[in-house]
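Participant: just need the structure, nothing else, for what follows:
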Amino acid sequence: MVTILIVDDEKNYPLILSAVLEEEGYETLTANSGREALDILSGSDVDLIITDMKMPEMDGIELLENIKRKDPDMPVLIMTAHGTIDKAVEAMQKGAYTYILKPFDNEGLVLYVKKAILTYQIVKENRRLRTVVEARFSFGNIIGKSKKMAEVFEKIKKVAPTSATILIEGESGTGKELVAKSIHFNSTRQNKPFIAVNCSALTETLLESELFGHEKGAFTGAASMKKGRFERADGGTLFLDEIGELSPNLQIKLLRVLQEKVLERVGGVKPISVDFRLIAATNKNLKEEASSGHFRKDLYYRLNVVNLILPPLRQRQEDLRLLVDHFMHKYAHERNSDIIVTGINQESERLFYEYDWPGNVRELENVIERAMILCPGDTIQISDLPKNLQENAPALISLEGIPVTAKLGETLTMIEKKMIERALTLSNNVQSHAAKILGIGKSGLNQKIKKYKL
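Facilitator: Here you go, the predicted model:
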């Protein structure tokens, strides 16, 4: 809902203007001085300001200057009498949207308001697009060529153009928010906001206020009205991460918003219509949570219109080398050295395939970022990796388990076969990756596979 702040030291004018504008469907806030207006602006989301020119202590010009310092694009309409037209012209030069002469007719006022709000909405949208243009998400920004990721890509392509609610499941670090953003930026809502909320990061009370917003005085510390994330996502996409952490009370309220697309701010009684697409994510098995009574079944079924399951990194090892190369390129600029890192050595690569990556892609990215900073040469070594990975490095082969009577040829053949079997397991039977792990060519590996009938 569009919110307009009306500022005038004459107490009747704000009341009259509020009545006129609320009939047009706008929400209004009022202030009787410039100082009061600035206090409201410091804690409230406002889309337009209508202010009188002549006011004690702080006139319209000074208020305009304060507003423009905080938000140069905020539209300000100046109300002025005939005697202060020169000041109104000065205000226009300092960034006021326009000025209107008192007394004015209601239709003319409403027309100015509509034009100013439309202009501001376009400016805000352009401003938002500028911030995301370089980080625009598309399917190509999700790295992977494995079969499991190909299935994810195919489902994203099908659901992105729709408005269907989506539930993304996967372990922490698998890229759930990246997928949510890709869906949004490939949907019909791509030019509207993408609003993300981590449901596990806030207490129940704070999360309720963050989602639904609150009215002035709704609770201690609520000094002004605040729009919630549902309202901010109007027309766009709302991403609720870790939705399995929602309290039973908030689950009920979320279900109502999803069903009716209407909400009330905390401390408010006025219903507010909202239009958003919901994408939820969880690292829990929400179906099991619902079956055990830890999550509402009706909400689960309402969320699970389309289900996307992101595989952990250990199940998509075909993508490991692609991800490593991607992150090496991403963090190349962080090196304080003239030496360019061109790759990782064989020991490190083998370790990467053998490690189970409990933190998934996020952990891999952190490891590569660290290595790119610490690596002294042109190749990442095991010594450049975190201690927990170094501890997982393959131990040196011990002679203790080999009988003294064992023949060299037979022993080497046995070890070679075991290493090939392990490499194939680690690479999910992708021979090119298994060959990299072993440090041999693909054709050589293929010959050995035939030799050992693997």
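Participant: quick check: closest non-adjacent residue to G343.
Facilitator: Distances taken as C-beta to C-beta, 6 or more residues apart in numbering place T379 nearest to G343, at 5.7 Å, with adjacent residues excluded. All C-beta spots, glycine's among them, are computed from the backbone N, C-alpha and C.
Participant: list the contacts of the residue positioned nearest the centre of the chain.
Facilitator: The chain has A196 as the residue nearest its centroid, 4.8 Å off, counting by C-alpha atoms, centre = their mean. Contacts for A196 were tallied using C-beta atoms under 8 Å, 6 or more residues apart in numbering; they are 177, 180, 239, 241.
Participant: does the second one really touch G236, like I thought?
Facilitator: I take that to be A180. No. Counting by C-beta atoms under 8 Å, A180 does not reach G236; the two are 11.8 Å apart.
Participant: neighbour count: the two, which is higher?
Facilitator: Between A180 and G236, A180 has the larger neighbour count (other C-beta atoms under 10 Å), namely 24 against 20.
Participant: contacts only, for the more buried one.
Facilitator: By C-beta under 8 Å, 6+ apart, the residues touching A180 are 166, 168, 194, 196, 237, 239, 279, 281.
Participant: if I look at it, how far off is L303?
Facilitator: Using C-beta to C-beta, to the nearest Å, A180 is found at 13 Å from L303.
Participant: just F352 next, same as before
Facilitator: Applying C-beta to C-beta to F352 and L303 gives a distance of 35 Å.
Participant: G268 now?
Facilitator: 26 Å.
Participant: compare those two (neighbour count), which wins?
Facilitator: Using other C-beta under 10 Å, the more surrounded residue of G268 and L303 is L303, with 25 against 16.
Participant: for that one, which residues are in contact?
Facilitator: Here L303 is in contact with 165, 167, 243, 258, 278, 280, 286 (C-beta under 8 Å, 6+ apart).
Participant: gap between the fifth one and L303?
Facilitator: Put plainly, it is L278. To L303, L278 is 7 Å away according to C-beta to C-beta.
Participant: need the residues touching each of the two.
Facilitator: What both L278 and L303 touch, as defined by C-beta under 8 Å, 6+ apart, is the set 165, 258.
Participant: where does the residue nearest to G343 fall, phi/psi-wise?
Facilitator: Backbone torsions of T379, given as degrees, to the nearest 10, read phi -140, psi 130.
Participant: what does the one 4 residues further on give?
Facilitator: Backbone dihedrals for S383, given as degrees, to the nearest 10, come out at phi -70, psi -20.
Participant: check what pLDDT it gets.
Facilitator: Here the pLDDT value assigned to S383 is 91.
Participant: for P103, same thing?
Facilitator: The model reports P103 with a pLDDT of 83.
Participant: would you map out the domains in this structure?
Facilitator: Here the domain assignment for the chain is 3-132, 147-311, 314-390, 408-451, based on automatic domain parsing.
Participant: quick one: pLDDT of L129?
Facilitator: Confidence at L129, expressed as pLDDT, is 62.
Participant: same check on V361?
Facilitator: According to the prediction, V361 has pLDDT 95.
Participant: burial check on it, number of neighbours?
Facilitator: V361: 25 neighbours (other C-beta under 10 Å).
Participant: just R316 next, same as before
Facilitator: Neighbourhood size, R316 [other C-beta under 10 Å]: 23.
Participant: count the residues that sit near the nearest residue to it once chain neighbours are set aside.
Facilitator: Closest residue to R316 apart from its sequence neighbours, by C-beta to C-beta, 6+ apart: S146 at 4.2 Å. When counting by other C-beta under 10 Å, one arrives at 18 neighbours for S146.
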